[in-house]
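Student: I need the structure of the sequence given here:
(one chain, ligands or ions: 1)
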Amino acid sequence: MLDVLIKNANIIDGTGKPAYKGSIGISGGKLVMADGSEEATAVIDASGKYVSPGWIDAHSHGDLILGSEDAHLFKTTQGVTTELTGQCGLSMAPVMPENLAAVQNMLSMGTTWFPDDMKNWSSFARFLDYADQQAHGKRQDVHRPQQPTHRRDGHGQPPRNRCGA
Ligand SMILES: [Zn+2]
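Tutor: Residues are numbered from 1 along each chain as shown. This next block holds a predicted model:
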């Protein structure tokens, strides 16, 4: 007996082949093969719907809202189950206390909400500890600043004096 049976779905399996009609089982938290005839605790009729593996957002600034109440909700409701986060040429951490206001001012184009714990992020390890403590509905890999794309716009490596490096 399956926990969940999703039947009559248009399945996009991520291999590159066209969508096909089929069923998917979930048992013990894992996907299993199903033909649609299985018994299940819950049955979802996905007629007219598409089912696919979780999407990966390979360029996300989601670390800006890490720890906010709905940080994971807006991604998972769009099908994103993994995101690689980091700012373009700027980083949430490390930031020395004397530069916190200036860094938050630069980041304010993306958010004006910052966690109280940010004042303690003078090391990247401390930021990662904070990230690990946040509830996730998805997998999140936090990275140092992403590669600069437009140096003329001010994107680039973080200033050494801000990082303390
Ligand atoms: Zn970016």
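Student: grab the most central residue of the protein for me.
Tutor: residue 83 (3.2 Å; Cα atoms, centre = their mean).
Student: need the phi and psi values for it.
Tutor: phi -140, psi 140 (degrees, to the nearest 10).
Student: test my guess that it contacts residue 64.
Tutor: No - using Cβ atoms under 8 Å, residue 83 and residue 64 do not qualify as a contacting pair, with a distance of 11.8 Å. C-betas here are computed from N, CA, C, even on glycine.
Student: tell me where this structure has helices.
Tutor: Counting by DSSP state H, one finds helices in the chain at the ranges 73-76, 100-107, 124-133, 160-163.
Student: would you mark the buried spots in the second one?
Tutor: Neighbour counts over helix 100-107 (16 or more other Cβ atoms under 10 Å) mark 100, 103, 104, 107 as buried.
Student: C-alpha coordinates for it, CSV please?
Tutor: Taking C-alpha atoms only, helix 100-107 is exported to CSV below (Å, rounded to 0.1, in the frame of the first residue of the first chain):
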residue,chain,number,x,y,z
LEU,A,100,27.1,46.3,9.1
ALA,A,101,25.0,49.4,8.3
ALA,A,102,26.9,50.0,5.1
VAL,A,103,26.4,46.4,3.9
GLN,A,104,22.8,46.4,4.8
ASN,A,105,22.3,49.7,2.9
MET,A,106,23.8,48.0,-0.2
LEU,A,107,21.6,45.0,0.3
